[in-house]
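Asker: mind looking at a prediction? Sequence and model below.
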Amino acid sequence: MATACRRVVLLPLVLLGLTSFVGCVDERIVFRERELFEEPLSSAGSFLGYTDTATKLTVCGNCHIEKQGQWVESAHADAWATLAGNTGRQASCEGCHSVSELGNTVTASAGYNATRERRYEDVQCESCHGPGLTHVSNPVGTNVPLAPLHVGVDATQGCGECHSGSHHPFVEEWNLSRHGEGANAPQYRTRTSGGCNGCHGAEGALAAWGINTEYLEKGAGESIGITCAVCHDPHSAEHPGQLRFSVTTANVETNLCMKCHQKRAIPDEGSSSRGPHSPQGPLLLGEIGTVGWTPPNFAYNVARIRGTHGSDRNTRLCAACHVNSYDVQDATGNFVVTATGHRFLPIPCVDANGAPTVAQTCGKTEQERDFSSCTTSGCHGDETAALSALTLAQGRISLRKTELDNLLAQVPSSEFSSTDTLFTVAEGAQFNSRLAAIESSAVHNPFLTEALLLSSISAVRTRYNLPAPPPAPGLTSTQETLLELVGRWGN
């Protein structure tokens, strides 16, 4: 057999690592066995940690190469260094910056908390999936350690075991939000009719978005809310915050928030009695014809009507206002809590220090609410201006809606039917009235909302030969132009 100088790739017999060397050898495949991990201490609870701490190669990553490559780019891979660089670090912080019993289904002290070994530093695969020794020793499908989709509100498993507490109360805030755990928020639990489960439950949302992933509760039929792993991808850092989709794209199909907040933005003419449902995304972007009923006499010959909230100035769109994070300090400047924005409230009610309160029943004043998202988003010059714009916009929309509702009350009841397929002018105008009734419509796009109301008023008067309604207090004619509105609101 001829001899040549060539590069030979060495493959370990168990296919759990790659090594190479260059040299003059016979033309044949050479194998070499090597230890892929050091046997863990009994106190480690079968956690394996790193194969190589210098390169951050996890034992899991020897096989799951793609996931290893994605994970190493994430903040979890630098969790230990982040802690080491924090002057206020304490020993109690270490369990959440390493592989331990926190974040998975293990309950007894394990991993770094039990051994203090360097191979368990950083938030590695096993931090979420649990101990991997059994699977690595005999890698079959029946013993794959799976991470929970629940977030551990009760601090027994999941992301919530670490992403909680005063410095990062993600799970506490989330649990109070409308995205909260299905079992705790029955009105938002998974539904099975009309495609509702594609947004009202974790398993349905992941399936609707084409995300084929495994998790502990999969197929069990549990009611799980829109949990962390629905919006965040634990294995990828493609988008900031490890989000599954971007929050900066002005597209209802690719923007993370808008993938759900775009349902029934226009009338369903096959069931005309149904009003809008979650139309915020299209309304924010303001493209004519994608939100509301566009009357045949729509007076504004433009392709899009939008406000600053939906413009390029507000680069994070929905998230800029609804996920606003800031630190809260008391009167002496001492740290109180970090508000993570995971209640998704744009202007939350706050206490004397500025921390969001559990009850959200306060008035709309600068003293009772935090308007900082309005300024950090780039939409408003200061908080007073934001409150002024909100007050004016909601007032105008309310008055226009009242005008339209007074006209609709004069329309024969036969024009409103839920049993036929005929879609009438009255039903279209009623849809726009219901759109205006959503409190946030005057915020997401006051210009388009009012334009739809004005054109609906005109369309109803013309179709049913009704007299003009009396002018609303403080407003000019119902034919006031959009250009006047834009000039008045400075947009």
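Answerer: On my side now, so go ahead. Numbering: from 1, shown residues only.
Asker: alpha carbons of stretch 316-330, in PDB - could you do that?
Answerer: C-alpha atoms of stretch 316-330 as PDB (Å, rounded to 0.1, in the frame of the first residue of the first chain):
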ATOM      1  CA  ARG A 316     -38.800  48.500  18.900                       C
ATOM      2  CA  LEU A 317     -42.500  49.100  18.100                       C
ATOM      3  CA  CYS A 318     -44.700  47.200  20.600                       C
ATOM      4  CA  ALA A 319     -41.900  46.200  22.800                       C
ATOM      5  CA  ALA A 320     -40.600  49.800  23.300                       C
ATOM      6  CA  CYS A 321     -43.700  50.700  25.300                       C
ATOM      7  CA  HIS A 322     -44.900  47.300  26.600                       C
ATOM      8  CA  VAL A 323     -41.500  45.900  27.700                       C
ATOM      9  CA  ASN A 324     -39.900  48.800  29.500                       C
ATOM     10  CA  SER A 325     -37.200  47.900  32.000                       C
ATOM     11  CA  TYR A 326     -35.800  50.300  34.700                       C
ATOM     12  CA  ASP A 327     -34.300  50.200  38.200                       C
ATOM     13  CA  VAL A 328     -36.300  51.600  41.100                       C
ATOM     14  CA  GLN A 329     -34.600  53.500  43.900                       C
ATOM     15  CA  ASP A 330     -35.900  54.800  47.200                       C
END
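Asker: ok, and what's touching that stretch?
Answerer: 247-248, 250, 255-258, 261, 280-281, 284, 309-310, 314, 335-342, 344-346, 353-355, 370, 372-374, 376-379 (CB atoms under 8 Å, 6 or more residues apart in numbering). Where you see a C-beta, it was placed from the backbone N, CA and C, and this is true even at glycine.
Asker: one more time with 7 Å
Answerer: 247-248, 250, 255, 257-258, 284, 314, 335-342, 344, 346, 353-355, 372-373, 376-377 (CB atoms under 7 Å, 6 or more residues apart in numbering).
Asker: so is S414 in a helix, a strand, or just coil?
Answerer: Of the three states, S414 takes helix according to DSSP: H, G, I helix; E, B strand; the rest coil.
Asker: quick check, V336 in a strand?
Answerer: Yes - counting by three-state DSSP, V336 is part of a strand.
Asker: ok, how many other residues are close to the closest residue to it other than its chain neighbours?
Answerer: Excluding the flanking residues, the one nearest V336 by CB to CB, 6 or more residues apart in numbering is V328, at 4.4 Å. By other CB atoms under 10 Å, the residues close to V328 number 17.
Asker: surely V328 forms part of a strand?
Answerer: Yes - under three-state DSSP, V328 falls within a strand.
Asker: what residues are bridge-paired with it?
Answerer: Under DSSP bridges, the beta-bridge partners of V328 are V337.
Asker: so how far is T340 from it?
Answerer: 11 Å (CB to CB, to the nearest Å).
Asker: sketch out the low-pLDDT regions of the protein for me.
Answerer: Along the chain, segments meeting pLDDT under 70 span 1-34, 153-155, 181-194, 270-273, 471-491.
Asker: hey, where'd the strands end up in it?
Answerer: 3-10, 19-26, 50-52, 57-58, 326-329, 335-339 (DSSP state E).
Asker: helices or strands up against the longest helix seen in the chain?
Answerer: When the chain is parsed with DSSP state H, its longest helix is helix 383-408. The contact analysis (3 or more CB pairs under 7 Å, 6 or more residues apart in numbering; DSSP states H and E) places helix 383-408 against helix 372-376, helix 425-437, helix 441-444, helix 446-464.
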